[in-house]
Structure formats: structure tokens, C-alpha cells
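K.L.:
here's a sequence, model it:
(chains A and B)
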Amino acid sequence: MLDRIEGIRAEASAAIEAAPGTAELEELRVRYLGRKAELTTILRGIAELPAEERGKVGSGANQARVQLESLIETRGEALDAGELESRLATDRVDVTLPGAPPRPVGHTHLITRTTRQIEDVMVGLGYRVMEGPEVEHDYYNFTALNHPPGHPARMLQDTFYVQSDPEVLLRTHTSPVQVRSMEAQPPPIFMIAPGKVYRRDSDATHSPMFHQVEGLAIGEGITLADLQGTLTEMLSAIFGGAREARMRPHFFPFTEPSVEFDVSCYQCEGTGSLPDGERCNLCKGIGWIEVGGAGMVDPNVLGFVESNGYDPERVQGFAFGMGVERIAMLRHGVPDLRRFFDNDVRVLEQFS
Amino acid sequence: MRVPYSWLREYCDPGTGPGELAERLAMTGTEVERVGAVGPPSAENFVVGKVLTAELHPNADRLRVCKLDTGDGDERIVVCGAPNVAAGQTVPVALPGATMPGGMEIGEAKLRGVRSAGMICSASELGVGESPEGILVLEDDGLVPGTPLAEVLPVAEPVLELEVTPNRLDCFGVYGVAREVHAISAAPLAQEPWLEDVEAEGEGEAGDYASVTVEVSELCPRFTARVFTGVKIGPSPAWLQARLVAAGQRPINNVVDITNYVMLLTAQPLHAFDLDKVPDGALTVRTASEGEKMKTLDDVERTFDAETVLVCDRNGPSGIAGIMGGQVSEVSEETTRVLLEVANWNGTNILRSSRQLSLRSEASSRFEKQLHPELCMRAQRIASRLLVELCGAKLVPGTIDVAAEIPAMPTIRLRGERVEGLLGMAISQADQKVYLERLGFGVAESGGDLDVTVPPDRHYDVTREVDLIEEVGRVHGLDEHLPSTLPAVAGRVGGLSRAQRLKRRAEDTMRDLGFDEIVGWSFTDPGEPGRLRLPTEDQRSSGVVLANPLSEDQSVMRTTLLGSLLDVAQRNLARGTERVSLFESGRVYLPGKANDFPGERPAPDHEPHRFGCIAIGPPSRSWRGSEVPNDFFTLKGALEALAGQLGTALSFAPVEESFLHPGRAASVAVAGIPAGWIGEVHPLVCREWDVEAAAAFEIDLAPLLAVAVAGEETYEDVTTFPAVYQDLAVVVPVEAAATDLRDAVLAAGGELLRAAEVFDLYEGEQVGDGHKSLALRLEFRAADRTLTDEEVAAKRTAIEAELEKLGGTLRG
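P.N.:
A predicted model of the protein is given here:
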């Protein structure tokens, strides 16, 4: 009997090892371990065997069964894995098809993006962001910024006025926010003010609506040298690399001294010529690119907010302003101011 | 301001080329737009020649064959077509190899059989003047043939084209520019050209010939006049013409040219009257009567308003003060007696009148910046000398001078420590003194300080200590000496406000949801409310109207973002884009004062910041099949996501908006505060913009931010005790609002019901006509215990009872 059990075990083991598929393996399981299988029959008949054989036959048959079950399971797993692999091998998709459904990708307008970049740089330098109205009083836009009553900028040719009130206009710069902020907060003050501004001018280089960022720093002992250092930090962060700022004396009613400021050209590194010897097309060979206007806040301007702690003999500081579109045009090669307000999605979608 | 380089060098020669000077000027406050040139590009091969003979050409009636001495030993044959060429003349000659202003190169050529070796030039051919009569005949003055022409005429003359800032009136004259160059270069400055007056040899005195009455002295602080007799009108000499042309002025005749020349030199405009065309020489300065007319020198009849100042004779206007003369008293060929007006006008009035008339002249562009009355006599003196020298005129003794009090020269204290204190760079007192003196200021030392007297040229520009600091700073050189430092003010902390951060977050959310951001025009046209079908009494029909728009299309400030969204959508669709998903984060402008901003005075109008969004076009296609359409619910999903990102919840209710589909429009509120609208755009509005169906929303940011918890959330324990989830389906009449059912469920569920979300809608046979079935998912949870089945069942029973009260039938 033990020999027979051994025979079955050997035969079944070989058959299981050789089973080509899970279906065949199942047939083997039924044949060797099923209800009618010889081994099952042996196990079932153990009780009828002579007492001295029962132990040996019983444990032999059981061992064989356990061993075969284990073999079947192992073989089954191997067959399953193989069959899964071959099934997967035929289950192929064209991985080059587009994703579906397509997830739309939106885009931030270049004006917003550039404004935020400037904000972030100035926030890092310790400034806060202030806002003011676009429909503004003449007082904040001109008077408190030291524009005399007959100043050319006040003329109807240059400034949009509101029909219902001759003292109300569309702000021509973000500078009115300087005065509003100083009225609201005593010195020291470090603030910037981004926003829309309006001028009566429309051609390839002028838009009746555009964007500026204003900066203001007032405290004790703030100097023109501090303005130069601040502009250097700001322009380096905006244009990348170690940029230099250059200030050229100029004239604005609300600053004294006044300057225009340039950034060293980031395409030619300020040399004016490109590696191939050609004249740099960005700075036109000058090595510098004009960015905006600035200066030390005029004592007359501080005089308008003197009651809030802005005594021109005690505090002083600088202001600067620049066009957002201009910076975006320089940074991204946009050739025409009007492209910003076309809102052509083919353009919008170039800038994520 | 165009400054011919040779003219500048007559007063101050910086000893450098124009390019280098331009750079220094730019770095000290005078922008040089470019260094241009007048005349031929190079002075090479242009010489002075002498016409020895000028015989008729054997084969051509209008040509002459000239023999020239051009200083090279041989006689040079040149064929010339000018009618005025004659033997004995001294003339400019272009030799073979010379390049003319247009780029034409002069060579040797046969003209009708005669070989010609060069060209005798006219002033216009050289680009240095006008030449109605032909070639330019130079004054002999012992000129040697062969002399380079550049020594006589501004050939290849560099011209500095300066962009003078409006405060620097002194630099609107060549002498003022020379003083500036002196200041920044330390090169010597020639004596002021107005120091010497010419001898008056005329008969009688000025008052015998003319009189001046000024009725408006506040608008005419000074009026000076001189009288000249025996004036011979003719063309100006070549050097004068050449300077005017180089400076951008057209030569006219010697008298007019002299007035222009002196203006270009001193910045003070002048005007010459033909005295015989001024009855009795009597001039009156007054304001115009409304509608008064006069023909100006440019042959245009002008009509004046009551603020325009006129210089009048007995019969009426003879010139517009400070802007342009009148034809009636124009200097002409016949003129023999000249009245020379050099006046001072109120700048603001001149600016206003010049703009009102749309007439800007060289004179008005100077007067409008407010000249000092002291300048008048400078110009009188130089012009007098030139009229005597160049027009054979006799100056009648005396100057008519009607003047209000001439402002004194102020003295300003410049404190030594303030210079470094403001600029952040040290400048020695000695240097400060030198710079200011070079600029024409009087300087006296007073301990560590300076007492500085301001000359008339800078009277209106330099009035305070800070103005002097600017002067010494810029001459010292910001580019060379100014250090770069950062403000040493302690205790400042930068940052965005919470509202600013949340606004960015909202913009980023819209972008991440697939919308492209636009920046729309703040302006719109008055017809927009009509196209949006807004009733006239709607607040959005009455925007802020501009008094002086550039065009009707941009004459009103927008009251809604929908217009610009539709405009942009329409333009993009017209370009062939299939679908657009756009949003704008921007302001609208509503009449009515508002305290939205810092500052003591409220803003004139209310400028709420809004988010607007529009989606137009078919659902985006995919190779996998259909997509959800761009409709009310797509946009509502986006809006809810936006609110969710801010940590707020919105509520929606049906609403009537004239521009929205009546059945697919909702008002949006947050915490009970109205915040905007959402809906499908009314087909008639779509038709106005020529677009297919569109869905849109517009919401105010402020009410959302007022309740937004994003960034301020408080922790809630969701891990200790498990939640129980249940689904519930209820059949209700089709018109029942889902939000009402949900509110009822939440109310009945009480504290234990943490959430109830609609996840399915069914309409059809199984629920019968006029009904719909809504399915909600319920989440029950307690913060302090695990809920028992009994507790949940009790709540569910209460919920079911509540729904039945609302006419709902529960589905199994």
C-alpha cells in the first residue's frame, strides 16, 4: 500500500510539474485529489485497514496529499502569472494617443504674472502692496503731487476727465496711491502700488489704458543712494543675474532730484554687442535699457501729508514707477503694446 | 531742441566728439535723442571755388561751362545749370568723389559733349538752406580757393537733438546748452553774447514811432519794443541760413531769420512787425473778444476765445501773443521799418491758448514753460546788433518797455550736511561751489553752508535747497560717484495682505480649472447696456461717463465684466478659435462715493473687484467620445470650486437678469450677502455679439473674502469616531428646488448630520410625469462617540418625515 501511495505521489508530482495550463492543472487536481481519486479512496479506507498498518498508511497518504496540494498551488500560481502576462501582452493601447478626456489648461495673463513677480520681489525687500482708485480726484493725481494748476499733464489733451465732475479724472499714474498711503499710515512707510492707469494716447507704443507699479519708501535718512541700491536689487530679481541699475537725472514734478533709471542689458551683459560681434538688438548697442522714472520725494509732496508725521525736515525718501507692459515686453519679446489687450487666446496660451 | 555742434562750440568747446558729449549730457540730465547730421554725410571733397569764367554751353541754352579755381593748381571745368552763376563768384564746389546729402556720388561726366569735373552746389543741394535763385554764392571775405568747405559752412555738421526737460528752459537756447556743457565738462565758456548793445544811430527815439499799451499785465508781465529804420530785406548770409537749417528752421528773410536765430540762441522768442502796417505804430495787448478772428502767418484764419491774448493795432488783432504773428503786419520784401517785439507772457495762458487753437510754435513751446522777464533785453540787444549788421538797419534810440515789477533774484541757503544727507554721497563744499558757479549761480560761503543766488534763467526751476542739491548732485555725476545702498530703516516687514493672497488664490483656481485670464478694457461704449438688454433704471446702465474720450467706443467706464468677456470671446471665435473659456479678475466702476481705499478722501466712485467668467463653444472633443457641455452647470461647478478654494460656500436662487436665459439664471449669495449672478447668456444678447450659446458668471470678490476661511481653518477630529454613510432617494415635484430639499435634510439631521450631497437626478417613467427623483448621500458623525444604529435610524426617520412634509415620497 505504501508503495502504491508513493507511486501515486511520484506520478502526480510529475504530471503537476508538466501541466501546461490552469485548466489541465484543475483536471489533475480532480484526478489525484478529487472525491473519486485513488488517494482519497485510500484515505477514506484507512479505518478498515489492520490496526498496525493504519498509522503508516494514514500518515503516508496524508503527507502525499498535503505535498500534492502544495505542488498544485505552487504550480497554479506559476501558471496564473504566466497566463496573466500573456493576457496583458495582448491587451495593448496606443500610448501615443492624447489623454482623454483632455484636461483644459488655463493661463495667467502676462500682465498679472509680471505684476506678481514685481510684487514678490518688493515684498521680499520689505514692502507692502497698496491699492487705490482708478477714477481719482485731481487732488491726489496732480495737486498733492506738486503739479501746478497749469501743468500740461492736466490738459484735456492728455488726461481723461469724468463728465459729471471736472475735478475727477482717470488716474494718469499710480502715484496718487503714494499720497493716499501716506495719509493712512505715518512713516516709516515702504509700499508698492500696482494697477491700471490711463492716458489720452493711442498708437503702437501708447495705449489709453496700461499698467504701472509705484514704489515708495519714506523714513529717516533714506537717500538717493538707497534708491539706486533698491533699484539694483529689484531689477536683478526681475531680469535675472547680477544686473546693474543706472540713474540719469531727469525731471518730474513730484520728485527732486528726479531720475530715469535703466537696467544693464541682460542680452549682451551691458556690452552693447553680441558674441558674434553684431550690435545688440535689445538695447540697440547702448548696453542699457530704460525702465522707469524715480527720485527723492519732493518736500512739497510730503508737505501735503505733514500732519501725519511727514515733516520734510525729519523724514525723506524715494519713489519710483515703471510700466508693467514694458517689462513684460522686454522679458518676453512682445513687440506691440496692443497685444496685451487683444486677449488673443493664441497669445494668452503661450504664457502659462 | 536741435543744437548744431559748431554753433555750440562757438560758446563752449568740450574738446570731445559729439558722441562723447551726448553721453555726458545724458548722464547729467539732458537726454540726447540722437546725434544727427546736416548736409552731406562727409565733408571730404567739398571745397571753396572761385568762378573764373562762365561761358554759355555750345550745345545747350541753359547750361554754362565754368572754369573754376579750386586751389589745386589747374583750372577745373564744371558745367553748371544755375541761372545765377557768374564769373567772380565764390562758390561751394563738390569735387569728384564727394557724396551729396541724398547719397549721390559726384563723378566726372560728359554733359552735352563737355567734360564736367564736379558740381557747383546750391544751398538746398548741400542741405544747408533754401536756394530759389540757384547756386549758393559765398561772401568772399578773402576766402582762398581750395579751402575745405566745412570751414565756411556746416557741411557734415553734427547736430545734437536734445530732449530738454520742461524745467530746463535755459537749455532751449544754444547759449544755455553751452553753459550746461561748461558746467559738466569744465571747458571754458565764452562771454554772454548779449552783453554788448549796438549803437543807436536812428533818428528821434522809439516813442516817436510806436506806442505799447498793456491791458492785461498779469498775462503780459513785460513787453519791450525797439524800432529800426532803413531796413533792407533780403536773404540772410549763408552762415546764418546754414545755422537755421541745421537747427531745423527754414530761412525766410534776414529779419525773420534774425528773430529765429536769436530765439535759438537765448531761448527768448521775438517777433518783428512791419511798422508801416501798424497804424501810428500803436499796439495794444488785450484779451480777445469771444469769436474774434485773425489770419496767422501760416495763412490760416483763427478764431479766438476770450482767454486768448492778442497783440492788436487800432484795427484789430495783429498777432497772437506768444504763439504766432498775423499776416496783416508781416515783414515782406517792401518792409523798411521794423518794430521788434520781445515780450514776456504768462506761460499757463500761452499753453492753454496754444492747445485751444491746436497751434504750437517754437515760440509758444518756450513761452508756455514760463520765461523770466529779464530775458527780453538780452534778445533785444543781440537782435539789434544783427539787424544793423545784416540788414543795414538803423536802431532808433530807446526801448519801449512796459513791465510789471521784475522778480528779484532769490538767494537760497544750501546746508552742507543736507547734500550728503539727501544724496547719500559726499561732495566737498569747494566742488559744490564750483558746480553752482559754472551753472551761473552766485555763491557765497557761510561757514559749512553756501548762500546761492539764482540767475533769471533758472528762476522758476530752482527755488529751494533741494533743487540746489539736485544741481550739485547731477554735475558731480551720479553714475560715477553714487554708491548703492539699501535703506537702513529697521522694523519693516513686507507681505501681501490676506485679501491680496486670496485674490491670487482665486485667480490661480480659475486658471487651474482651465480658464484663460484676460485683461479687458475698462472703457466701453454707451451702447453696451442696451446690447445687454439692461433696463435704463438698472444701475449698470449708468456708468461713469468720460468728458473727453478718445472715441465713442471708449467713452464710458464699464459697469460689468460681461461686456469685455463677450467682446474678447467674439474676437477669438471670429479668428477661428472653436471654443473659449475665459476669466477676468478686474474692477468695474459704479457711480457713487466709496471708502474702498486708503486716504482721507473717499474715492469718487465705487470700484468693486470682480471675477467674471465665460465659456462658449462645443464641449471639447476627445477620441474617447462625448464630454460635458459648456452650460449652466459646467460654470456652476467652476464657481463652486472657486468658492471652495476660498473656504466659502455659495447659495443660488433663480433670478431674472435681462441678459440671461430666464430659466437658466441664478443669483449668487455668500453668507446671505448678494455676490453676483451666474447663467446662460440670453440668446438675444448672444446674437448681439454674434456668438452661439454662452454661459457666464460675475461675482464680487469682497463678500467672498469677508467670510473666506481659507488659511484660517480650525482642526476637526474625524479620525477617532467613524462616520456612518447612507443614501436616500426621494421623489418630488419637478419644480422643487434641490437646495430646499437639502436644507430640509440638513435641518432635520441636526448636528449629527455632517453632510448631505445630491449625487443623482432621475426623471422618467419610474417616477411619473411632473416628478423627479433626487438621491442624496448622507454622512452622520459625532465628535465624541461612535454612533449607534438606533441614533442614526432616529435621525433618518426625522429626515424622511421632513421630506414627506415637503411633498416628497421616499423610494425604496
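K.L.:
please count neighbours and contacts with C-alpha atoms only from this point.
P.N.:
OK.
K.L.:
which residue, neighbours along the chain excluded, lies closest to residue 183?
P.N.:
Unless you meant another one, I'm taking chain A. Nearest non-adjacent residue to residue A:183, counting by Cα to Cα, 6 or more residues apart in numbering or on different chains: residue B:599, 5.2 Å away.
K.L.:
look at chain B instead
P.N.:
residue B:438 (4.8 Å).
K.L.:
how many neighbours does that neighbour have?
P.N.:
21 (other Cα atoms under 10 Å in any protein chain shown).
K.L.:
got phi/psi on the closest residue to chain B within the stretch 251-352 of chain A?
P.N.:
Nearest to chain B in the stretch 251-352 of chain A, going by Cα to the nearest Cα, is residue A:257, at a distance of 4.8 Å. In terms of degrees, to the nearest 10, the main-chain angles of residue A:257 are phi -70, psi 160.
K.L.:
helix, strand, or coil at the residue nearest to it when sequence neighbours are not counted?
P.N.:
Leaving aside its sequence neighbours, residue A:257 sits nearest to residue B:470 (Cα to Cα, 6+ apart; 4.8 Å). Three-state assignment for residue B:470 (DSSP: H, G, I helix; E, B strand; the rest coil): helix.
K.L.:
so residue B:470 makes contact with residue A:259?
P.N.:
No. Look at residue B:470 against residue A:259 with Cα atoms under 8 Å: they stay out of range, at 10.0 Å.
K.L.:
settle it for me: which of the two has more neighbours?
P.N.:
In terms of neighbours (other Cα under 10 Å), residue A:259 is the more surrounded of residue B:470 and residue A:259; the figures are 26 against 21.
K.L.:
ok, and what's touching the least confident helix or strand in chain A by mean pLDDT?
P.N.:
Ranked by mean pLDDT, DSSP states H and E, the weakest helix or strand in chain A is helix A:38-44, scoring a mean of 85. By Cα atoms under 8 Å, 6 or more residues apart in numbering or on different chains, the list of residues contacting helix A:38-44 from outside reads A:5, A:8, A:32, A:33, A:34, A:35, A:58, A:61, A:62, A:65.
K.L.:
how far does that helix sit from its chain's centre?
P.N.:
The chain centre lies 73 Å from the centre of helix A:38-44; the measure is Cα atoms, centre = their mean, to the nearest Å.
K.L.:
residue A:19 versus the residue in the stretch 201-350 of chain B that chain A sits nearest to, what's the distance?
P.N.:
Closest to chain A within the stretch 201-350 of chain B is residue B:348: 5.1 Å, counting by Cα to the nearest Cα. For residue B:348, the distance to residue A:19 (Cα to Cα, to the nearest Å) stands at 108 Å.
K.L.:
any residues of the stretch 601-750 of chain B in contact with chain A? List them.
P.N.:
B:603, B:604, B:605, B:607, B:620, B:621, B:622, B:623, B:624, B:627 (Cα under 8 Å from any Cα of the partner chain).
K.L.:
the first one touches residue B:590, doesn't it?
P.N.:
No. With contact defined as Cα under 8 Å, residue B:603 does not count as touching residue B:590 (11.0 Å).
K.L.:
if I look at the residue of the stretch 251-352 of chain A closest to chain B, how far off is residue B:344?
P.N.:
Distance from residue A:257 to residue B:344, by Cα to Cα: 28 Å.
K.L.:
find the nearest non-adjacent residue to residue 272, please.
P.N.:
Here I'm looking at chain A. residue A:285 (3.9 Å).
K.L.:
the intended chain is chain B.
P.N.:
residue B:340 (4.6 Å).
K.L.:
again with residue B:320
P.N.:
The spatial neighbour of residue B:320 that comes closest, neighbours along the chain excluded (Cα to Cα, 6+ apart), is residue B:310 at 4.6 Å.
K.L.:
need the pLDDT of the residue nearest to residue B:183.
P.N.:
Looking at residue B:438, its pLDDT is 97.
K.L.:
and it, what does it touch?
P.N.:
B:179, B:182, B:183, B:186.
K.L.:
between these, which is nearest chain A?
P.N.:
Nearest member of those to chain A, counting by Cα to the nearest Cα, is residue B:183, at 14.6 Å.
K.L.:
distance of that closest one relative to residue A:336?
P.N.:
40 Å.
K.L.:
more crowded one of the two?
P.N.:
In this view residue B:183 and residue A:336 are compared by other Cα under 10 Å, and residue B:183 has more residues nearby, 22 against 14.
K.L.:
just for the stretch 51-200 of chain A, where's the confidence low?
P.N.:
For the stretch 51-200 of chain A, not a single residue meets the criterion pLDDT under 70.
K.L.:
which parts of the stretch 201-350 of chain B sit against chain A?
P.N.:
residue B:348.
K.L.:
now the strands for the stretch 201-350 of chain B?
P.N.:
B:211-214, B:222-229, B:271-274, B:282-287, B:293-295, B:301-303, B:309-313, B:316-320, B:324-325, B:338-344 (DSSP state E, counting those that start in this stretch).
K.L.:
the stretch 1-150 of chain A now?
P.N.:
A:128-129, A:135-137.
K.L.:
how about these in JSON lines, adding distance to residue B:62?
P.N.:
Output for the strands of the stretch 1-150 of chain A, formatted as JSON lines (distance: least, Cα to Cα, whole Å):
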{"stretch": "strand A:128-129", "distance to residue B:62": "78"}
{"stretch": "strand A:135-137", "distance to residue B:62": "70"}
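K.L.:
tabulate these (CSV), appending mean neighbour count.
P.N.:
Shown next, in CSV, are the strands of the stretch 1-150 of chain A (neighbours: other Cα atoms under 10 Å in any protein chain shown):
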stretch, mean neighbour count
strand A:128-129, 22
strand A:135-137, 25
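K.L.:
for chain B, which of these is the nearest?
P.N.:
strand A:128-129 (5.0 Å).
K.L.:
before we move on, the earlier item: in helices, which of the contacts of residue B:438 fall?
P.N.:
Of the contacts of residue B:438, the ones assigned to helices by DSSP state H are B:179, B:182, B:183.
K.L.:
with just CA atoms, put stretch B:247-258 into PDB.
P.N.:
Coordinates of each C-alpha in stretch B:247-258 appear next as PDB, following Å, rounded to 0.1, in the frame of the first residue of the first chain:
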ATOM      1  CA  ALA B 247      18.700 123.800 -36.100                       C
ATOM      2  CA  GLY B 248      15.600 122.800 -38.000                       C
ATOM      3  CA  GLN B 249      14.300 126.200 -39.100                       C
ATOM      4  CA  ARG B 250      13.500 127.300 -42.600                       C
ATOM      5  CA  PRO B 251      15.300 130.500 -43.700                       C
ATOM      6  CA  ILE B 252      12.800 133.200 -44.800                       C
ATOM      7  CA  ASN B 253      14.400 136.600 -45.000                       C
ATOM      8  CA  ASN B 254      17.100 138.300 -43.000                       C
ATOM      9  CA  VAL B 255      14.800 140.000 -40.500                       C
ATOM     10  CA  VAL B 256      12.700 136.900 -39.700                       C
ATOM     11  CA  ASP B 257      15.800 134.800 -39.700                       C
ATOM     12  CA  ILE B 258      17.400 137.100 -37.100                       C
END
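K.L.:
can you pull the buried residues of it?
P.N.:
Buried residues in stretch B:247-258, counted by 16 or more other Cα atoms under 10 Å in any protein chain shown: B:247, B:249, B:250, B:251, B:252, B:253, B:254, B:255, B:256, B:257, B:258.
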